[in-house]
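sequence first, then the predicted structure:
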Amino acid sequence: MFSVIFPGQGSQLVGMGKEFFDKHELVKSLFKDADDILGFGLSKIILEGPKEKLDLTINTQPAIFLISYSIYKLIVQEFKVDLTKAKYFAGHSLGEYSALASAGYLNFSDTLKLLRTRGDAMQNSVPKGEGGMVAVLGSTVIEIEKILSEKNNYSSIQIANDNSDGQLVLSGKNFDLDELTKTLKLRNIRNIKLPVSAPFHCKLMSNATKTMREEIEKLAFSEGKNILISNVTADEIVDKNELKKLLIEQIESRVRWRESVLNMINKDVNHFIEIGPGKVLSGLIKRINKNVKINTINEESDIKELNI
């Protein structure tokens with residue numbers, strides 16, 4: 001059995017999707033539709049840059065979704081590979097929106113506009129320079145939670161991403177993170193300050209949660225074709241009403257990617273197909289379980305090698 005998975009923020013690259021755009025009218029049409037829906041040239045930013053514009057969260061989120069969704073549609077409609085046979089659809093943070101749109105829970109236009117709003121809301125939830133994120137390597141959730149419980153001045157810090165064995169990301173106020181990194185260094189725990197502009201997936205995102213609640217509750221979700229795995233629970237999403245609730249919670253919640261992958265494997269998934277820019281999720285899955293099969297779809301040749 002296989003699952004279709006979609007990457008999140010950080011996988012973007014100027015020129016991503018260009019081969020598909022140049023060769024396929026379906027992709028060109030989706031890029032044009034995206035520009036029309038959003039009212040500006042997102043496709044130009046994706047194909048030509050500059051990188052600084054693409055890396056703005058307000059642009060990054062709809063851009064990665066557009067690439068992932070375009071490739072998914074191309075595989076299904078033109079290459080006639082039936083990805084709807086997947087046991088699960090899942091995505092990492094923003095990738096969860098690529099998953100739900102591809103699985104038919106929300107239409108292309110609404111998803112695109114929602115991600116533009118999400119990017120803006122997350123970017124502006126905290127004053128610039130107040131919050132940040134730190135990657136922690138070679139530790140565990142239990143060890144980091146124990147360290148966080150030791151001092152009150154770590155109170156703003158949360159585990160934002162549980163990505164794989166030995167790879168966590170923390171979010172919080174920069175002052176608290178600076179204090180924490182001193183402690184981690186003393187305990188020989190490797191950590192890297194990430195070049196991000198805001199502390200995603202923690203309670204400092206409360207303003208973004210309010211915005212997203214208002215926007216999500218306006219939208220008409222459908223019952224999709226495939227079962228989704230939630231970032232918040234690392235488990236199956238029961239129906240569209242639970243999906244809406246979990247998407248709102250996701251803004252401030254930990255992305256439980258490691259647990260999500262393990263849960264899918266425990267439910268007989270032995271093949272993962274990553275659709276979108278980069279190979280981030282494929283790398284994480286290899287760290288979680290070396291025995292599963294992984295396909296990463298970045299180029300047309302990757303589609304031709306796909307066997308399900």
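All right, it came through fine. Numbers count the residues shown, from 1 in each chain.

in the stretch 151-300 of the chain, what residue spans correspond to helices?
Applying DSSP state H, counting those that start in this stretch to the stretch 151-300 of the chain gives helices spanning 174-186, 206-218, 240-250, 257-266, 280-288, 300-304.

now those in JSON lines, with distance to residue 63 and mean pLDDT?
Placement of C-beta: from N, CA and C, glycine included. JSON lines is the format used below for those (distance: least, CB to CB, whole Å; pLDDT from 0 to 100):
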{"stretch": "helix 174-186", "distance to residue 63": "27", "mean pLDDT": "96"}
{"stretch": "helix 206-218", "distance to residue 63": "19", "mean pLDDT": "97"}
{"stretch": "helix 240-250", "distance to residue 63": "19", "mean pLDDT": "97"}
{"stretch": "helix 257-266", "distance to residue 63": "21", "mean pLDDT": "98"}
{"stretch": "helix 280-288", "distance to residue 63": "15", "mean pLDDT": "97"}
{"stretch": "helix 300-304", "distance to residue 63": "20", "mean pLDDT": "95"}
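
nearest to residue 93, of these?
Closest to residue 93 of the helices of the stretch 151-300 of the chain is helix 240-250 (CB to CB; 7.4 Å).

what about residue 247, neighbour count?
26 (other CB atoms under 10 Å).

again, but for residue 275
Neighbour count for residue 275, taken as other CB under 10 Å: 30.

show me the beta-bridge partners of it.
Residue 275 forms beta bridges with residue 297, as assigned by DSSP bridges.

that one contacts residue 71, correct?
Yes. The pair residue 275 / residue 71 is scored as a contact, 5.2 Å apart, by CB atoms under 8 Å.

can you pull the residues that touch both of those two?
Contact criterion CB atoms under 8 Å, 6 or more residues apart in numbering; residues shared by residue 275 and residue 71: residue 297.

circling back to that earlier point, now the helices of the stretch 151-300 of the chain as CSV including distance to residue 125?
Output for these, formatted as CSV (distance: least, CB to CB, whole Å):
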stretch, distance to residue 125
helix 174-186, 15
helix 206-218, 4
helix 240-250, 14
helix 257-266, 22
helix 280-288, 24
helix 300-304, 36
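
just the ones you listed: most buried one?
Ranked by average neighbour count under the criterion mean count of other CB atoms under 10 Å, those are headed by helix 257-266 at a mean of 20.

which of the helices of the stretch 151-300 of the chain sits closest to residue 135?
Closest approach to residue 135 among the helices of the stretch 151-300 of the chain (CB to CB): helix 174-186, 10.7 Å.

could you name the helices and strands sitting against the closest one?
In terms of contacts (3 or more CB pairs under 8 Å, 6 or more residues apart in numbering; DSSP states H and E), helix 174-186 is packed against strand 131-137, helix 141-148, strand 167-173, strand 190-193.

which one of those is the most hemmed in?
Comparing these by mean neighbour count (mean count of other CB under 10 Å), strand 167-173 ranks first with a mean of 24.

other SSEs contacting that strand?
strand 131-137, helix 141-148, strand 158-164, helix 174-186.

kindly calculate the angle that the third one makes with helix 280-288.
Here strand 158-164 points in a direction 70 degrees away from that of helix 280-288 (axes from the mean of the first three to the mean of the last three CA atoms, to 10 degrees).

ok, the last one next?
Put simply, helix 174-186 runs at 40 degrees to helix 280-288, going by the same axes, to 10 degrees.

for the protein, what are the low-confidence residue spans?
Nowhere does the chain drop to pLDDT under 70.

most distant residue from the middle of it?
Going by CA atoms, centre = their mean, the residue of the chain most distant from its centre is residue 186, 31.9 Å out.

which parts of the longest helix along the chain are buried?
Longest helix in the chain by number of residues (criterion: DSSP state H): helix 57-77. Neighbour-count burial for helix 57-77 flags 57-75 (criterion: 16 or more other CB atoms under 10 Å).
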